[in-house]
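>>> The sequence and its predicted three-dimensional model are supplied below.
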Amino acid sequence: MDIEEPMTAVQQRTLYQWFEETAVRLPDHPALEVGDEVLSYAELRALALTVAERIVHKHGRTPRRVALAASRTVAAYAGYLAVQRLGAGVVPLNSDHPVQRNLDVAQRAGVEVALVDGRSAGLFRQLPERHRPTVLELAEDERADAPPPAGALPPAARDLDGEAYILFTSGSTGQPKGVPILQRQISPYLAHNIPRYEIAPGSRLSQAFGLTFDAHVFDLFATWGGGGTLVVPTATDLYTPVDFVVERRLTHWFSVPSVVREAQRLGSLPLGRAVSLRHSMFGAEPVTAQHAALWREVAPQSQIHNVYGPTELAICCTNHRLTGPGSDWPEYPGGTVPIGTMYPHMEGVLLDDEGLPADEGELCVRGPQRFDGYLDPRENTGRFLSYEKGGRAVVYDGSAPLTAGHWYRTGDRVRRVDGVMVHCGRLDQQVKVRGHRVETGEVEAVLRRHPHVVDAAVVALPADDGETELAAAYAGRAADPAALDAWLRDQMPLHMVPARIRLLDGLPLNDNGKTDRTALARILGTREGS
């Protein structure tokens, strides 16, 4: 069955235009709060122009791509805007990532300039001088004493076909894949979501995501495009999200659901206090009904949204909204909140293993938010397909140019239930155990229903006999191993019951707050405490 809605026209702007139009209209309104420092739109714009001028002056020309190895400082946000003002693409780097990975990303992207903070100041010194980008260090207390002199900068770029940013996702070859997102691909997303989430002057939005995760673009530019204030938490604040919401009077919260689960585990999720929240958005991981209901008690006045979309589709392409008490919400397969329906300007279809439309299958998407292909075109092979109603899908083999008519294969198995889409796991997380197909997400959903379990994750590991077995970790209160095993055997078939289950203080998370399954497999690969 197709999941399609008609395409609609959207107003197109570059990321910098989304910001600048607000800065001109609301110059004295607060744009950014980092700790005790508050910048108005006019102040942030002036600082961005100053950094842009410094880039052009030091590099000698306008660069095409700029690495940004800085985070959660005023200078980092000004640097991001400066790159957008110049019409260059931002390539965010994470200072906590291995040095070699950051260098590899920067070199594969061909960055000409790198904006760095004190932590990353020496990052590019390891490269031969002829291969180094122009490095510009951003001081944490950098401020704009005055706007750049007239004529010091080229006219603001307005090229909608220009790159907005490039992010690198995990690749099947072990090398990260570059995902360039153009201005014309991110603009429809902002045009749709700023009014959807009622972002306007007076709105105060969180900035919980690292800059290497695509959701940061919503945080920054949906906020600034709507005239709101971006409020930046520290890493410590994310362990006490309710305190941060209350103290900073936030109206909008956006994070991975793991933030909620970790706060619950630490006992720092008081109920009923986050009354200022009007919209709460969760994405990047499955959102369980259990944790959505918990957040309803945390933020009783808030609409709760489960949003879905891979980086290749410019952040998100679906939404499911929950309102009213949790007791009124219908139950869906797997105990998760639906990912909802497609944005009206996007198209989606579910295709089965034979490439035919079905009520359950791989979600494939096209529309104005779909990227034009990976930085390395060889990565496009197998990731797109051709499909038209009445026919059978044909997987893209790389022999012809990609067109807007090609569908992007998300790799997610989705089921249509009562008019909405329910995420049923990754196709690459479906494993065979003793001849049976098992979705690790289904096992996780059962584990989370146990009264002692706050969060759970399951991975497939090689057994001693060469077969595949399931191993699980959970956070919460310790359960008697034998009793937990018996409880699981009552809930699901024997082949789905993990052979090993370990209690952890908390599930390992990556820098974006997602469960780090690679790290978890290393932990569970040792049989200590099984």
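Received the coordinates, thanks. Numbers count the residues shown, from 1 in each chain.

>>> Please save the CA atoms from stretch 157-165 in PDB.
What follows is stretch 157-165, C-alpha atoms only, in PDB (Å, rounded to 0.1, in the frame of the first residue of the first chain):
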ATOM      1  CA  ALA A 157      25.000  33.900  -1.000                       C
ATOM      2  CA  ARG A 158      21.500  33.100  -2.100                       C
ATOM      3  CA  ASP A 159      22.200  29.900  -4.100                       C
ATOM      4  CA  LEU A 160      19.600  27.300  -3.200                       C
ATOM      5  CA  ASP A 161      21.700  24.700  -5.000                       C
ATOM      6  CA  GLY A 162      24.600  25.400  -2.700                       C
ATOM      7  CA  GLU A 163      25.600  23.000   0.100                       C
ATOM      8  CA  ALA A 164      24.200  23.800   3.500                       C
ATOM      9  CA  TYR A 165      26.100  21.100   5.400                       C
END
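
>>> how far does that stretch sit from the chain's center?
Between the centre of stretch 157-165 and the centre of its chain there are 21 Å (Cα atoms, centre = their mean, to the nearest Å).

>>> One more: stretch 77-95?
For stretch 77-95, the distance to the chain centre is 18 Å (Cα atoms, centre = their mean).

>>> Please export the C-alpha coordinates of that stretch as CSV.
This file holds the C-alpha atoms of stretch 77-95, laid out as CSV (Å, rounded to 0.1, in the frame of the first residue of the first chain):
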residue,chain,number,x,y,z
TYR,A,77,27.3,29.3,16.7
ALA,A,78,28.6,32.5,15.2
GLY,A,79,31.1,30.5,13.2
TYR,A,80,28.3,28.3,11.9
LEU,A,81,26.4,31.4,10.8
ALA,A,82,29.5,32.9,9.3
VAL,A,83,30.0,29.9,7.0
GLN,A,84,26.3,30.1,5.9
ARG,A,85,26.8,33.8,5.3
LEU,A,86,29.6,33.0,2.9
GLY,A,87,27.6,30.3,1.1
ALA,A,88,29.9,27.6,2.1
GLY,A,89,29.0,24.1,3.4
VAL,A,90,29.6,23.4,7.1
VAL,A,91,31.4,20.1,7.9
PRO,A,92,31.0,19.6,11.7
LEU,A,93,33.6,17.7,13.5
ASN,A,94,33.4,16.3,17.1
SER,A,95,36.3,17.0,19.3
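
>>> okay but residue 17 is in contact with residue 160, surely?
No. Using Cβ atoms under 8 Å, residue 17 makes no contact with residue 160, being 9.6 Å away. Placement of C-beta: from N, CA and C, glycine included.

>>> what's the spacing between residue 271 and residue 338?
Note on residue 271: its distance to residue 338, by Cβ to Cβ, to the nearest Å, is 24 Å.

>>> got it, and residue 516?
On the measure of Cβ to Cβ, residue 516 and residue 338 end up 26 Å apart.

>>> now the helices for the stretch 351-500 of the chain?
Shown for the stretch 351-500 of the chain, the helices assigned by DSSP state H, counting those that start in this stretch span residues 440-448, 481-491.

>>> cool, the chain as well?
All helices of the chain, identified by DSSP state H, fall at 15-25, 41-59, 74-85, 99-109, 183-196, 216-217, 223-226, 241-248, 257-265, 289-298, 440-448, 481-491, 517-524.

>>> Give me the spatial nearest neighbour of the residue nearest the centre of the chain, chain neighbours excluded.
In the chain, the centroid-proximal residue (Cα atoms, centre = their mean) is residue 215; its distance is 4.2 Å. Leaving aside its sequence neighbours, residue 215 sits nearest to residue 209 (Cβ to Cβ, 6 or more residues apart in numbering; 4.4 Å).
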